[in-house]
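> With the input below, show me the fold.
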Amino acid sequence: MKLVPESLRGYHSAWLTRDIIAGLTLAAVAIPEVMGYTSIAGTPIVTGLYTIIFPTLVFALLGSSRLLVVGADSATAAVLAAGLTGLGIAGVTPGSSDWLAFTSLTALVCGVLLIVARLLRLGFVGDFLSASVLIGFLTGVGIQVLSGQIPDILGIPKGKGGWFEQQWHWITSLSSVELGTLAFGLSTIVIIQLFKRFIPVVPGAIVAVILLTAISALTDAHTHGVAVVGAVKGGFPPLGLPSGISWSDVTKVLPTAVSCAVLIIAQSAATSRSFAFKHGDAVDINRDIVGLSGASLAAGLSGTFVVNGSPTKTQILDEQKGRTQLANLTMAAVALVFTLFFTGLLADMPKAVLAGIVFLIGVSLIDLPGLRLLWMRRRNEFVVALITTVTVFAVGVEQGIILAVLLSLLDLVRRQYTPGDYVIGQDRAGEPTYQPAVPGAQSLPGLVVFRYDAELFYANANRFADDLEAVISGAPDPVRWVVLDCGAIDDIDYSAGATLANLVKYCQAHSARFVLVRPDTQLLATLRSYQTLDAIGEDNIFPTLAEAFRAYRADPAASTP
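Below you'll find the model as predicted:
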């Protein structure tokens, strides 16, 4: 049983036919899609096919997810291209053999980084990219990807410089549009959209590729100014280390590999988790990282670029009722057969066809519904998503990754630094009521029950103390009891412990009894080690709010003026 890959354990023979059909359908969608991604990565078209052969096979053997589809991905391809372009190394230009060697090296380094992430159990790293940041990041990638295909659809040269300069270039070059190229590009978009709308069970991308390539061949489109793919070298993927690479090159691609690794963990974990929950399967993100590291290493050793878990292709597999990685192995087998025997059919395919496919992929990444929901429900997170979006397409994808991580961490700190704080009272039925902790609020005459909805640590301890002191000093009646509701506090670091000790002294100096309610055992152990519990007193600890209120009402000192 241990020899059976985790993603295939418990396999039922009844799934076989559906898995194979789903795999064939997935191949029909994935093959033109991954070929299109090579225009983003700047590598030969055949390398896109390589990404869904050995990387897919290795993930199926090592990963845990039953459905996650691994292969070329627009986001990681964009990160890769941006990072290598920023190196500025002579000869390392898109389409060159040196460029391809560096993309494979980046995949190898990324694979090693993912192994380290697994050993350190860093699967949680993906959780530090908030949903709003991921929406903004993928939307920015989508805008960058689709805008990068516009010159190829129009048949005009791509501009140089930053994103805005590139857009200005094609806008001012519209008089030079190659009409034949434009016709192929627009036809691709129309065909895919029509099939998606009216015949969704048929992959429109493969129909567009076959039909428009045939038309191109019959009309000799390349002789009329339409740029075509030309001869595509097929055959078995080359196995081995990338040529012409030295150890010093590893440090050059390390920042790009780190960016890819973070994105792979975040995107793949989110995709794997969502589909596992949908089908009631167990989730093992750290095991999936093993599969993803193996997939990246396989990519680097088979002459292609970094791979990632694909949400779009995984969704297609799920829609086709695929149940396990056998569907993905079927896709890999079809891709291998196509690479071995049929790449010659691609020679007359217009480049505008691939550009049209990738253009629509970019459109699909733009999450307008997600942005709309953020605008309606969390304006501050909408701003974060918008900043991330603009940074990705206007400044750079790598910078967008860094900003995304920083914004997520800053948002986490902000939530902990400025949590909600409340003064708790009781209604006539004895149920707790909550009001903002502002001067003038009190639970009962002479009683303040204060709730702070965050752990106490060095960054928010002083704010916590200031808020509580303001409530105490602004209370309408002299405060006799100060009750700290510890329901949301399960830890206090040393700095916050010292602040809490001073707060206890402050209350006692003002003839107020300091009380803890609902502390857990770990919190009490921590306060005991700080000797703060000695100052509070064991008799000033209550397990529930109701008991604290009853004790206050029964305390003769509480009613003493």
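> Could I get the full set of helices for the stretch 401-550 of the chain?
461-474, 494-509, 521-529, 532-536, 545-554 (DSSP state H, counting those that start in this stretch).
> list the helices and strands the third one packs on?
In other words, helix 521-529. Counting contacts by 3 or more C-beta pairs under 8 Å, 6 or more residues apart in numbering; DSSP states H and E, helix 521-529 is packed against helix 494-509, helix 532-536. No exception for glycine: its C-beta is placed from N, CA and C like everyone else's.
> Give me the buried positions along the longest helix along the chain.
The longest helix of the chain (DSSP state H) is helix 247-279. For helix 247-279, the neighbour count (16 or more other C-beta atoms under 10 Å) marks 249, 252-253, 256-273, 275-276 as buried.
> got any ranges where the stretch 151-300 of the chain has weak pLDDT?
By pLDDT under 70, the low-scoring segments of the stretch 151-300 of the chain are 274.
> Am I right that Ala501 is in contact with Leu527?
No: using C-beta atoms under 8 Å, Ala501 is not in contact with Leu527; the gap is 9.1 Å.
> quick one: which of those two has more around it?
Taking neighbours as other C-beta atoms under 10 Å, Ala501 and Leu527 compare with Leu527 leading, 22 against 18.
> wait, what's in contact with the more buried one?
Ile492, Gly497, Leu500, Pro519, Leu533, Ile536 (C-beta atoms under 8 Å, 6 or more residues apart in numbering).
> please redo it, this time with the cut-off set to 10 Å
Cys486, Ile492, Gly497, Leu500, Ala501, Leu516, Pro519, Leu533, Asp534, Ala535, Ile536, Ile541 (C-beta atoms under 10 Å, 6 or more residues apart in numbering).
> For stretch 342-355, buried residues please.
Within stretch 342-355, the residues that qualify as buried are Thr343, Leu345, Leu346, Asp348, Met349, Pro350, Lys351, Ala352, Val353, Leu354, Ala355, counting by 16+ other C-beta under 10 Å.
> Just the endpoints, please. Distance across it?
End-to-end distance for stretch 342-355: 21 Å, by C-alpha to C-alpha, to the nearest Å.
> same deal with stretch 487-496?
End-to-end distance for stretch 487-496: 17 Å, by C-alpha to C-alpha.
> One more: stretch 393-401?
In stretch 393-401, first residue to last residue: 11 Å (C-alpha to C-alpha).
> what angle sits between the helix or strand of the chain with the lowest mean pLDDT and helix 461-474?
Every helix and strand of the chain was ranked by mean pLDDT, DSSP states H and E. The lowest is helix 397-417, at a mean of 76. For helix 397-417 against helix 461-474, the angle by axes from the mean of the first three to the mean of the last three C-alpha atoms, to 10 degrees is 30 degrees.
> How far off centre is helix 397-417?
Mean-position distance between helix 397-417 and its chain equals 13 Å (C-alpha atoms, centre = their mean, to the nearest Å).
> Report the buried residues of that helix.
When burial is assessed from 16+ other C-beta under 10 Å, helix 397-417 yields the following buried residues: Val397, Glu398, Gly400, Ile401, Ile402, Leu403, Ala404, Val405, Leu407, Ser408, Asp411.
> If you count contacts, what does it end up packed against?
Here helix 397-417 touches helix 74-87, helix 131-154, helix 247-279, helix 379-390, going by 3 or more C-beta pairs under 10 Å, 6 or more residues apart in numbering; DSSP states H and E.
> That one versus helix 379-390: what angle between them?
Orientation check (the same axes, to 10 degrees): helix 397-417 against helix 379-390 gives 160 degrees.
> Thr17 falls within a strand, correct?
No: applying DSSP: H, G, I helix; E, B strand; the rest coil, one finds Thr17 to be helix, outside a strand.
> Asn540 and Val517 touch, don't they?
Yes: the pair Asn540 / Val517 is scored as a contact, 9.5 Å apart, by C-beta atoms under 10 Å.
> between the two, which one's more packed in?
With neighbours defined as other C-beta under 10 Å, Asn540 and Val517 compare such that Val517 has more, 24 against 18.
> Pretty sure the more buried one sits against Leu523.
No: counting by C-beta under 10 Å, Val517 stays clear of Leu523, with 11.6 Å between them.
> list residues touching both of those two?
What both Val517 and Leu523 touch, as defined by C-beta under 10 Å, 6+ apart, is the set Cys486.
> which residues does Ala333 contact?
Ala333 makes contact with Ile20, Gly23, Leu24, Ala27, Ile53, Thr56, Leu57, according to C-beta under 10 Å, 6+ apart.
> And for Asp466?
Applying C-beta under 10 Å, 6+ apart, the residues near Asp466 are Thr499.
> Then the one 10 residues further on?
By C-beta under 10 Å, 6+ apart, the residues touching Pro476 are Pro439, Gly440, Ala441, Gln442, Pro445, Gly446.
> Buried subset of these as a ChimeraX selection?
To isolate the buried members of the contacts of Pro476 in ChimeraX, using 16+ other C-beta under 10 Å:
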select :441,442,446
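> Name the nearest of the contacts of Pro476 relative to Val133.
Checking the contacts of Pro476 against Val133 by C-beta to C-beta gives Ala441 as the nearest, at 35.1 Å.
> Need the overlap of contacts for Ala501 and Leu527.
Looking at what touches both Ala501 and Leu527 (by C-beta under 10 Å, 6+ apart), the common residues are Leu533, Asp534, Ala535, Ile536.
> where does the closest residue in space to Gly142 that isn't next to it in sequence land on pLDDT?
Closest residue to Gly142 apart from its sequence neighbours, by C-beta to C-beta, 6 or more residues apart in numbering: Leu365 at 2.9 Å. pLDDT, Leu365: 82.
> so Leu365 sits right up against Ser147, yeah?
No: taking C-beta under 10 Å as the definition, Leu365 is not a contact partner of Ser147, at 11.9 Å.
> Which of the two has more residues huddled nearby?
The neighbour count for Leu365 versus Ser147, taken as other C-beta under 10 Å, is higher for Leu365 (22 against 16).
> Return the residues in contact with that one.
The contact partners of Leu365, taken as C-beta under 10 Å, 6+ apart, are 74-75, 78, 137-146, 311-312.
> Gly136 versus that one, what's the distance?
Counting by C-beta to C-beta, to the nearest Å, the gap from Leu365 to Gly136 is 11 Å.
> next one: Leu297
In this view, Leu297 and Gly136 are 30 Å apart by C-beta to C-beta.
> more neighbours, these two?
Between Leu297 and Gly136, counting by other C-beta under 10 Å, Gly136 is the more crowded of the two (31 against 21).
> gap between the more buried one and Ala332?
Taking C-beta to C-beta as the measure, Gly136 falls 33 Å from Ala332.
> contacting residues around the nearest residue to Ala332 once chain neighbours are set aside?
Spatially, and ignoring its direct neighbours in sequence, Ala332 is nearest to Thr56 (4.3 Å; C-beta to C-beta, 6+ apart). By C-beta under 10 Å, 6+ apart, the residues touching Thr56 are 30, 69-71, 295, 298, 307, 325, 328-333, 335-336.
> does Gln166 belong to a helix or a strand, and which?
Using DSSP states H and E, Gln166 falls within helix 163-171.
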